[in-house]
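Trainee: okay, here's the prediction I keep looking at, along with the sequence it came from:
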Amino acid sequence: MKKSIPTLLLASALVAHAELKLPAIIGDNMVLQQKQANPIWGWDTPGTEVTVTFGNQTKKAKADDKGKWTVALDALPANATPATMTFKGSTSAEAKNVLVGEVWLCSGQSNMGFNVVSNWGADLEILASKNDQIRLISVPNVGTQELQDDFKGKWDVCGPETVGGFSAVGYFFGRQLQQTLQVPVGLIDNSWGGSAAEAWVKRDVIDADPRFKAVMDNWKKIEATYNHDQVLAKYAEQKKAWEAKRDAAKAAGEDPPAAPRAPQNQLKGQGRPGNLYAGCLHPVIGYGIKGAIWYQGESNAGRAYQYNELMTLMISEWRKDWKQGDFPFYFVQLADYMAEKPEPGDSAWAELRESQTKTMNTLKNTGQAVIIDLGEANDIHPKRKIEVAGRLARWALVKDYGITTIPHRSPEYKSIEIKGDKAVVSFDHIGGGAGLRTVDVNELKGFAICGEDKKWVWGTAKFLPGGTKTKVEVSAPGVTKPVAVRYAWSDNPVCNIVSQEGLPLTPFRSDDFPLVTQPK
């Protein structure tokens, strides 16, 4: 792959000015990941020896022929006392107010980018946000096929002046960890609204994978024919026509029509495969982290059938490139959204949720926060992010920090048994000993059942009597020989089964019928 212009400029600038340079991810106010070796890197004139000192450690490295140098700091325990890291090469530099604790990457599309100020109760949350033990950094949106080595940004100390524009899920997740563990927490917001999962995968990797040939063939056609200047010219004509209609509407005392949206350059956008890996992720790859949280999927719902394969590939490649082994990766399942449908049937969003659940069961050190109860029919961005973050934090606290006294996993489908005209469904990961329960009403809602004709109807469901509530019996008039059951299988399901601790039952289907998002 040819070098990007920014990279070439950086290399020539280093040679010309003989100046030590640090990436944005390494600087004042940063948090280093505790209990593991941490790579520290930068650039200087090729051949220059660079010395990095932090605490009682001194590490040396020589800048390579491209000017890059890297050292690895030995593992350190958590430290809430600010310290300074020094760098000496062609010139000297310092990173001040550095802490050691837990570092998490927060990535995905707009629901991860959704900021604190937009959350319900943001005014109170922002007032109470002053905490110098939490540090925040955001990576700007850069879509490109050329691997970027750096970005414009800096670490900030958390407080009312800095937290409002930061990822709400990221901040509330980090705050829960910091308050529970009592160690510093660093959060990297690396999200882009509307981004497709394939944009977060390295281009040559997804290009070489035959499973995604159809997607890549489509993009290659776009790349060969897309002309942004023509698109802008067409937009200018549309805007001019709209302005005339707007003026006419105003003169007539009527509401003006909606203005046309300015077009985004598809080649530089968040949908093109590889764009966000190169432009947003690559500059932070290698920085010491504990793990990642992920909130994305809406943009891939139309191809839900392949999302499990795509996510498995993406997570595996991130782990490979980070060289930290199978670090924790926890993600948010799609919330309920869009109009409630009166009859049961197929749903692309339900299929995407199923693919997310499969990803959790495919890769180790992954986990899913189910939020089928937190969505809004008229808003793709539900505003109860504190609860979303709490469900992600449960996974981290239990799996990574040894707090085993709290539940962390939503109940899930285990098996189905047909008994005459009834289907008995069993569940795993129930939580406390009292079993499942309902919310709002006693009636169990959200179950559909079908017979051999594969026509879905709403089922009547009840907990089996005796013992803990770990099994549900489902039946329906006219379905004398049931073959399958579904639960919460729609864009915006009406469902109300939760664990005793309030974690919602994971949407599921017991059938293996063809998916509506499969290629025909």
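Mentor: Done, it's in.

Trainee: okay, CA-based contacts and neighbour counts for the rest of this
Mentor: Will do.

Trainee: C-terminal to the lengthiest helix in the chain, what's the next element?
Mentor: As assigned by DSSP state H, the longest helix anywhere in the chain is helix 228-251. Once the chain leaves helix 228-251, the next helix or strand it forms, by DSSP states H and E, is helix 275-276.

Trainee: how about the CA coordinates for the following helix or strand past that following helix, as PDB?
Mentor: On the C-terminal side of helix 275-276, the nearest following helix or strand under DSSP H and E is strand 291-295. The C-alpha coordinates for strand 291-295 follow below in PDB (Å, rounded to 0.1, in the frame of the first residue of the first chain):
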ATOM      1  CA  GLY A 291     -10.500  -4.000  26.400                       C
ATOM      2  CA  ALA A 292     -13.200  -2.500  24.100                       C
ATOM      3  CA  ILE A 293     -16.900  -1.700  24.300                       C
ATOM      4  CA  TRP A 294     -18.900  -1.600  21.100                       C
ATOM      5  CA  TYR A 295     -22.300  -0.200  20.100                       C
END
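
Trainee: name the strands paired with strand 291-295 and say parallel or antiparallel.
Mentor: strand 92-108 (parallel), strand 329-332 (parallel) (DSSP bridges).

Trainee: wait, isn't residue 50 in contact with residue 62?
Mentor: Yes - contact status for residue 50 versus residue 62: in contact at 5.9 Å, counting by CA atoms under 8 Å.

Trainee: which neighbours do these two share?
Mentor: Listed as contacting both residue 50 and residue 62 by CA atoms under 8 Å, 6 or more residues apart in numbering are residue 69.

Trainee: more neighbours: which of these two?
Mentor: Taking neighbours as other CA atoms under 10 Å, residue 50 and residue 62 compare with residue 50 leading, 25 against 20.

Trainee: you'd agree residue 416 is in a helix?
Mentor: No - the assignment for residue 416 (DSSP: H, G, I helix; E, B strand; the rest coil) gives strand, which keeps it out of a helix.

Trainee: gap between it and residue 73?
Mentor: In this structure, residue 416 and residue 73 are 52 Å apart, going by CA to CA, to the nearest Å.

Trainee: then residue 317?
Mentor: Residue 317 is 24 Å from residue 73, by CA to CA.

Trainee: show me where pLDDT drops low in the stretch 251-400 of the chain?
Mentor: Across the stretch 251-400 of the chain, nothing is flagged by pLDDT under 70.

Trainee: buried residues, the longest helix of the chain. List them.
Mentor: Across helix 228-251, burial judged by 16 or more other CA atoms under 10 Å covers 235, 239, 242-243, 245-246.

Trainee: contacts only, for the spatially closest residue to residue 380 that is not a sequence neighbour.
Mentor: Residue nearest to residue 380 in three dimensions, not counting chain neighbours: residue 337, with 6.2 Å by CA to CA, 6 or more residues apart in numbering. Residue 337 is in contact with 375-380, 491-492, counting by CA under 8 Å, 6+ apart.

Trainee: what's the answer for residue 59, then?
Mentor: Applying CA under 8 Å, 6+ apart, the residues near residue 59 are 51-53, 71-73.

Trainee: any of those buried? List them.
Mentor: For the contacts of residue 59, a neighbour count by 16+ other CA under 10 Å gives the buried set as 51-53, 71, 73.

Trainee: secondary structure, distance to residue 359 and neighbour count for the contacts of residue 337 - can I get that in TSV?
Mentor: Below are the contacts of residue 337 laid out as TSV (DSSP: H, G, I helix; E, B strand; the rest coil; distance: CA to CA, whole Å; neighbours: other CA atoms under 10 Å):
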residue	secondary structure	distance to residue 359	neighbour count
375	coil	22	19
376	strand	25	18
377	coil	26	16
378	coil	28	10
379	strand	26	11
380	coil	22	16
491	coil	20	24
492	coil	22	22
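
Trainee: could you point out which of those is nearest to residue 190?
Mentor: residue 380 (19.6 Å; CA to CA).

Trainee: picking up where we left off before, now pLDDT and distance to residue 398 too, for the buried residues of helix 228-251, in TSV please.
Mentor: Formatted as TSV, those follow (pLDDT from 0 to 100; distance: CA to CA, whole Å):
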residue	pLDDT	distance to residue 398
235	96	52
239	96	54
242	96	55
243	96	57
245	95	59
246	95	57
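
Trainee: how about residue 222, secondary structure?
Mentor: Residue 222 is classified as helix under three-state DSSP.

Trainee: if I look at it, how far off is residue 206?
Mentor: 16 Å.

Trainee: phi and psi next, for the residue nearest to residue 380.
Mentor: Listed backbone geometry of residue 337 is phi -160, psi 160, with angles given as degrees, to the nearest 10.

Trainee: so what secondary structure elements neighbour whatever helix or strand residue 391 lives in?
Mentor: Secondary structure from DSSP H and E places residue 391 in helix 385-399. Where contact means 3 or more CA pairs under 8 Å, 6 or more residues apart in numbering; DSSP states H and E, helix 385-399 is packed against helix 168-181, strand 329-332, strand 366-369.

Trainee: residue 441: which of those is closest?
Mentor: Using CA to CA, the nearest of these to residue 441 is strand 366-369, at 23.6 Å.

Trainee: packing partners of that closest one?
Mentor: Strand 366-369 packs on strand 329-332, helix 348-362, helix 385-399, going by 3+ CA pairs under 8 Å, 6+ apart.

Trainee: so which of the ones you listed is the most packed in?
Mentor: strand 329-332 (a mean of 24; mean count of other CA atoms under 10 Å).

Trainee: contact partners for residue 104?
Mentor: By CA under 8 Å, 6+ apart, the neighbours of residue 104 are 174, 185-188, 289-293.

Trainee: specify which member of these is nearest to residue 145.
Mentor: The closest of these, once distances to residue 145 are taken by CA to CA, is residue 188, at 21.8 Å.

Trainee: what pLDDT does the closest one get?
Mentor: Predicted confidence (pLDDT) for residue 188: 98.

Trainee: quick one: residue 110 from residue 253, how far?
Mentor: 37 Å.

Trainee: quick one: which of these two has more around it?
Mentor: Shown here are residue 110 and residue 253; by other CA under 10 Å, residue 110 has more neighbours (19 against 9).

Trainee: before we move on, back to that, ok now the helix holding residue 391, how far from the chain's centre?
Mentor: 13 Å (CA atoms, centre = their mean, to the nearest Å).

Trainee: with stretch 100-112 instead?
Mentor: 8 Å.

Trainee: leaving out the residues flanking it, which one is nearest to residue 424?
Mentor: residue 473 (4.4 Å).

Trainee: what is the neighbour count of residue 471?
Mentor: Neighbours of residue 471 using other CA under 10 Å come to 22.

Trainee: ah, wrong one, I meant residue 269
Mentor: By other CA under 10 Å, neighbour count at residue 269 equals 20.

Trainee: tell me the contacts of the spatially most central residue of the chain?
Mentor: Nearest to the mean C-alpha position of the chain, counting by CA atoms, centre = their mean, stands residue 294 at 2.0 Å. Going by CA under 8 Å, 6+ apart, residue 294 touches 106-108, 112, 329-332.

Trainee: 7 Å instead, please
Mentor: Applying CA atoms under 7 Å, 6 or more residues apart in numbering, we find residue 294 in contact with 106-108, 330-332.

Trainee: please apply the same query to residue 319.
Mentor: 325-327.

Trainee: out of those, who's nearest residue 358?
Mentor: Of the contacts of residue 319, the one sitting nearest to residue 358 (CA to CA) turns out to be residue 326, at 17.4 Å.

Trainee: any idea how far that closest one lies from residue 54?
Mentor: In terms of CA to CA, residue 326 sits 27 Å off from residue 54.
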